[in-house]
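Chemist: Here is my input; please provide its structure:
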Amino acid sequence: MALSHSLGFPRIGRDRELKKALEAHWRGELDEAGLRAVGQRLRAEHWQLQKDAGIDLLPVGDFAWYDQVLGHSLAFGVIPERFRSAGGKPTLETLFAMARGAVANKSSGNCCSGAHAQELTKWFDTNYHYLVPEFGVDQQFALSWEQLFEEVEEARALGHQVKPVLIGPLTYLWLGKAKGADFDRLELLERLLPVYGEILQRLAGQGVEWVQIDEPILVLDLPQDWKNAFERAYNLIQREPCKKLIATYFGGLEDNLGLAANLPVDGLHIDLVRAPEQYPTILDRLPAYKVLSLGVVNGRNVWRCDMDKALAVLRHAHERLGERLWVAPSCSLLHSPVDLAREDQLDAELKSWLAFAVQKCQEVAVLGRALEAPDDAAVQAALEASRTVQAARAASTRIHKPEVQARLAAILPRHAQRQSPFAERIGKQRERLQLPVLPTTSIGSFPQTSAIRLARQAFKQGKLGAADYLEAMHGEIHEAIRTQERLGLDVLVHGEAERNDMVEYFAEQLDGYAFTRFGWVQSYGSRCVKPAVIVGDLSRPQAMSVEWIRYAQSLTDKVVKGMLTGPVTMLMWSFPREDVAREVQARQLALAIRDEVMDLEAAGIKIIQIDEAAFREGLPLRRAAWQHYLDWATEAFRLTASGVRDETQIHTHMCYSEFNDVIEAIAAMDADVITIETSRSDMELLEAFERFDYPNEIGPGVYDIHSPRVPDSAEMANLLRKAARRIPLERLWVNPDCGLKTRAWPETEAALVNMVAAARQLRAELA
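Modeler: Presented below is the predicted three-dimensional model:
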């Protein structure tokens, strides 16, 4: 029969139990034994959920305390010197220090004291972040972390048939960075492979038959030497025990199809959701002995699978492959919420359209059973339910809105162009704003205290009246403004106390979105997001942020920024529709946010920040598809921002990204000021702005807000000096590298004090 399996399952828990346990541990409220007990309970629960759903072969090793790439770094002994203990093996404390940095404490005796965290960046084109491995030219590898083997024992003791999951050696090296010297990471492959051999031998000794080895870089444009390395590596790995399934996802194999199909392993997984065109070509290239796993259920979105459509492909494959066909989600379900059954406030129609991780496992199992027992009553009922849902969704009046489509059709090229070029605008803006050289600001959000969260929760539950909630939020904004004035910041923000999330807050006020209560997805570590669901055509019924910003501006003579989320980020950080193209949804969002921009300007707001944190994230994985995306993504931003007068300054912010390849497109967005995250990479990202004469103003982040560590002013000043060597002084801003929502006030104030001091020091040095 066609075996059903899962490539990975969400680890945070249906009620974010892992997040809560991690944060309690970091606060010193839960010891390591308690934290480990939470992890063990979650793993057992998640294996059982998948098994009950009908999954035959369960993943093990997809659980991580912070990030799966970081877990592999510990397993391979890739631990930077600043985190090493004298002669000791890594501990959970080591892992968390690598992820979060370590607070300086001279009396603790901890080798990690004061160490800055490893770089954090996006996992391919998702909103999940991984910790970038750091490789030295003399890098050695050694099996140093027992977590995978312990979890295999746990699962087998519970009676589960398991498939350990490893990140493949080529993908692991590709994801890392060379540190301290310029060398080719590929040179490390021969040193790394023996560790994989040791792992496979250990797993075989535990009775494991199949191992999943993830090599998602096979869907990228690979240099020829990396392609050659695949053949070399797997010719060695094939000698080791266990059957091996190479897993690819997030795109099509394209020119790497023959390479992947012919690797000397026992099976291959491909993503038919993101790249359906690679079927049936793969059938003609696959050796006769090899298993083919087809990912036909979308692991990255929340819509139910069209089972008839998926089954048509699977039946064809089953005729050719028989028992060599496996059925799976397209990728790990890490990118999906856990369980739709938890949702008790969705209307029945919308809920019938959705599937979370548990339901996706059920879909995979039904599709597998349908190949072997097509007349089974339960199978027939599931297929009929799928048909009913697909038909109802296509005909629903909540999806298509003629007035939105008419406005979209009326867009002209001039709507996406500022009145004057930047060189003319900036003079008017500087005259109006009267800011010093190296103006200081923050990105937008300030700490979301328990008082803020409790007030918002009470308001939503009807326990706090509208007037009392308004008074509470005004109090928070007032305090944020006074704090910034006291600290000496030049351009202020209102702190976003009223906002639950930078996407959800605006989505809740737009027509065309729907929301879940428990649709949480891990972004990194303990950070979880709850993406809104784009159900239909999008529009803005009324102003969303104007009164909050107007109130903040009334409290001070300094400039207060209006804070908005851009259309590409609204799209990328939502669960999008699958019935229309992404660019259509982005343009609808652009028009809605454009209305808000115009209202902010009319309210007297001089600077409006439109965050496009996900701009680089949306870039297709294959270069051939880049230009189409960049064209519509930059147009969507310009459409949002271009209705304002020359003297109104437009800012944007972008999160951890590699900008080198898209710097010209970022310039084409024509924002007056861009703020970016650069502190973890020691201003490395600014190299893109050195090779390309970026024409507008830029604020490179001078400290890492994802770490509790507070750098001193000398460290920030040094980063500013590096920036000033690449960017003219008159075009530099000074800011943290992201919003401060997740930090506490004491560390926030301490860091901002140091940031302002660094800016003043540099003004004196360089003026």
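
Chemist: The helix or strand harbouring Q40 packs against which elements?
Modeler: If you go by DSSP states H and E, Q40 is part of helix 32-53. Packing partners of helix 32-53 (3 or more C-beta pairs under 8 Å, 6 or more residues apart in numbering; DSSP states H and E): helix 17-26, strand 58-60, helix 147-157, helix 357-372. Any C-beta I mention is one placed from the backbone N, CA and C, and that applies to glycine too.

Chemist: For E403, grab the count of nearby residues.
Modeler: Here the count is done by other C-beta atoms under 10 Å, and E403 has 9 residues near it.

Chemist: That one against P541, yeah?
Modeler: No: using C-beta atoms under 8 Å, E403 is not in contact with P541; the gap is 11.6 Å.

Chemist: any idea how far the residue nearest the centre of the chain is from A391?
Modeler: For the chain, the residue nearest the mean C-alpha position is N127 (1.6 Å; C-alpha atoms, centre = their mean). Separation of N127 from A391 (C-beta to C-beta, to the nearest Å): 31 Å.

Chemist: Mind listing what's buried along whatever helix or strand E765 lives in?
Modeler: Per DSSP H and E: E765 is located in helix 745-766. Going by neighbour count (16 or more other C-beta atoms under 10 Å), the buried part of helix 745-766 is 747-749, 751-752, 754-762.

Chemist: what helices or strands is it leaning on?
Modeler: By 3+ C-beta pairs under 8 Å, 6+ apart, helix 745-766 packs against helix 466-487, helix 713-724.

Chemist: CA atoms of that helix as CSV?
Modeler: Extracted in CSV, the C-alpha atoms of helix 745-766 (Å, rounded to 0.1, in the frame of the first residue of the first chain):
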residue,chain,number,x,y,z
TRP,A,745,11.6,48.3,29.7
PRO,A,746,14.8,48.3,31.8
GLU,A,747,16.9,46.8,29.1
THR,A,748,15.1,48.9,26.4
GLU,A,749,15.9,52.1,28.2
ALA,A,750,19.5,51.1,28.9
ALA,A,751,20.1,50.2,25.3
LEU,A,752,18.4,53.4,24.0
VAL,A,753,20.5,55.5,26.4
ASN,A,754,23.6,53.9,25.0
MET,A,755,22.4,54.4,21.4
VAL,A,756,21.7,58.1,21.8
ALA,A,757,25.2,58.5,23.5
ALA,A,758,26.8,56.7,20.5
ALA,A,759,25.1,59.0,18.0
ARG,A,760,26.2,62.1,19.9
GLN,A,761,29.7,60.8,20.1
LEU,A,762,29.8,60.2,16.4
ARG,A,763,28.4,63.6,15.7
ALA,A,764,31.2,65.2,17.6
GLU,A,765,33.8,63.0,15.9
LEU,A,766,32.7,63.2,12.3
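
Chemist: could you check the angle helix 713-724 makes with that helix?
Modeler: 50 degrees (axes from the mean of the first three to the mean of the last three C-alpha atoms, to 10 degrees).

Chemist: how distant is helix 745-766 from the center of its chain?
Modeler: 29 Å (C-alpha atoms, centre = their mean, to the nearest Å).

Chemist: now what about it, what contacts it?
Modeler: With contacts defined as C-beta atoms under 8 Å, 6 or more residues apart in numbering, helix 745-766 is touched by 436-438, 440, 442, 446-447, 449, 483-484, 487-489, 702-703, 705, 708, 710-714, 716-717, 720-721, 724, 729, 734-736, 740.

Chemist: what about the helices in the stretch 301-450 of the chain?
Modeler: Applying DSSP state H, counting those that start in this stretch to the stretch 301-450 of the chain gives helices spanning 307-321, 348-353, 357-372, 377-395, 402-409, 422-433, 450-460.

Chemist: Format those helices as JSON lines; extra columns: mean pLDDT and distance to E635.
Modeler: Listed next are the helices of the stretch 301-450 of the chain as JSON lines, based on pLDDT from 0 to 100; distance: least, C-beta to C-beta, whole Å:
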{"stretch": "helix 307-321", "mean pLDDT": "97", "distance to E635": "32"}
{"stretch": "helix 348-353", "mean pLDDT": "96", "distance to E635": "30"}
{"stretch": "helix 357-372", "mean pLDDT": "97", "distance to E635": "34"}
{"stretch": "helix 377-395", "mean pLDDT": "95", "distance to E635": "28"}
{"stretch": "helix 402-409", "mean pLDDT": "95", "distance to E635": "12"}
{"stretch": "helix 422-433", "mean pLDDT": "97", "distance to E635": "17"}
{"stretch": "helix 450-460", "mean pLDDT": "93", "distance to E635": "35"}
